[in-house]
Each structure stands twice: as structure tokens, then as C-alpha cells.
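Undergrad: after the sequence you'll find the predicted model.
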Amino acid sequence: MEGVPESDRGAQAGFCGKGVSALMDFYDPKRILYPVKRTNPKKGLHEDPKWQLISWEEALDTIAEKLIAAMKKNPEG
């Protein structure tokens, strides 16, 4: 990684720690590449969430339903 000489900090400028870690997450080979849904309602340290692959359409529909329900519950925001 090299600095940006035109920056206020001179040649020492570059990514901060958060920027570097974000890049590491982005290129992590174990990152999640597809939507998943938890099928085990129990939550806890030793509980298996039993993740199940779902389609992008199902994921977006689920998110939309939850957002609509939240807006109906509290329309002021």
C-alpha cells in the first residue's frame, strides 16, 4: 500500500485501520456470497443456526415485509 503524496499528511497518508479491514472482508474467501436464512428459532452460544440458502428474490421480499411492518408500527420513524 502506498501513500498519496498530494494529501495533507504527505507520503504517509493511506488507508486507516477500518479501510484495511474492510478490504480484508471484501476479499475474504470465506465471505458470504449468497443470501441465507436461519431455520433454527433457538439462539445461543451453542445453538446451530441451521442456515439455509434462499433466493435473492426471497431475501428481498423478506426485507421488504419487515420494513413495511416497521413503518406501519412507527410511521414517524
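TA: Perfect, I can see it now. The shown structure was predicted, so the numbers you read here are calculated from the model rather than taken from an experiment. Numbering: from 1, shown residues only.

Undergrad: would you mind measuring from the residue nearest the centre of the chain to Phe26?
TA: Central residue of the chain (Cα atoms, centre = their mean): Ile32, 9.0 Å from the mean position. Distance of Ile32 to Phe26, given as Cβ to Cβ, to the nearest Å: 12 Å. (C-beta placed from N, C-alpha, C; glycine too.)

Undergrad: quick revisit: looking at the residue nearest to the centre of the chain now. What's its pLDDT?
TA: As predicted, Ile32 sits at a pLDDT of 87.

Undergrad: so what does it have for phi and psi?
TA: Geometry field for Ile32 lists phi and psi as phi -80, psi 130, criterion degrees, to the nearest 10.

Undergrad: then Trp51?
TA: Torsion angles, degrees, to the nearest 10, at Trp51: phi -70, psi 140.

Undergrad: nearest spatial neighbour of it, skipping sequence neighbours?
TA: Setting aside the residues directly before and after it, Trp51 is nearest to Val36 in space (Cβ to Cβ, 6 or more residues apart in numbering), at 4.3 Å.

Undergrad: what number of residues lie near the one you found?
TA: 14 (other Cβ atoms under 10 Å).

Undergrad: what about the helices in this protein?
TA: 17-27, 56-73 (DSSP state H).

Undergrad: in CSV: those, plus mean pLDDT, mean neighbour count and distance to Leu45.
TA: Shown next, in CSV, are the helices of the chain (pLDDT from 0 to 100; neighbours: other Cβ atoms under 10 Å; distance: least, Cβ to Cβ, whole Å):
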stretch, mean pLDDT, mean neighbour count, distance to Leu45
helix 17-27, 84, 10, 23
helix 56-73, 97, 10, 25
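
Undergrad: could those be laid out in JSON lines, adding distance to Asn40?
TA: Shown next, in JSON lines, are these (distance: least, Cβ to Cβ, whole Å):
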{"stretch": "helix 17-27", "distance to Asn40": "25"}
{"stretch": "helix 56-73", "distance to Asn40": "16"}
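
Undergrad: which of the ones you listed sits closest to Gly44?
TA: helix 56-73 (22.5 Å; Cβ to Cβ).

Undergrad: just the CA trace of the closest one, in PDB.
TA: Presented in PDB, the C-alpha positions along helix 56-73 are these (Å, rounded to 0.1, in the frame of the first residue of the first chain):
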ATOM      1  CA  TRP A  56     -32.300 -13.200  -3.800                       C
ATOM      2  CA  GLU A  57     -36.000 -12.700  -4.500                       C
ATOM      3  CA  GLU A  58     -37.000 -14.400  -1.300                       C
ATOM      4  CA  ALA A  59     -34.400 -12.400   0.700                       C
ATOM      5  CA  LEU A  60     -35.600  -9.000  -0.800                       C
ATOM      6  CA  ASP A  61     -39.200 -10.000  -0.200                       C
ATOM      7  CA  THR A  62     -38.400 -10.800   3.500                       C
ATOM      8  CA  ILE A  63     -36.600  -7.500   4.000                       C
ATOM      9  CA  ALA A  64     -39.400  -5.600   2.300                       C
ATOM     10  CA  GLU A  65     -42.000  -7.200   4.600                       C
ATOM     11  CA  LYS A  66     -40.100  -6.300   7.700                       C
ATOM     12  CA  LEU A  67     -39.600  -2.700   6.600                       C
ATOM     13  CA  ILE A  68     -43.300  -2.300   5.800                       C
ATOM     14  CA  ALA A  69     -44.200  -3.800   9.200                       C
ATOM     15  CA  ALA A  70     -41.800  -1.400  11.000                       C
ATOM     16  CA  MET A  71     -43.100   1.600   9.100                       C
ATOM     17  CA  LYS A  72     -46.700   0.600  10.000                       C
ATOM     18  CA  LYS A  73     -45.800   0.200  13.600                       C
END
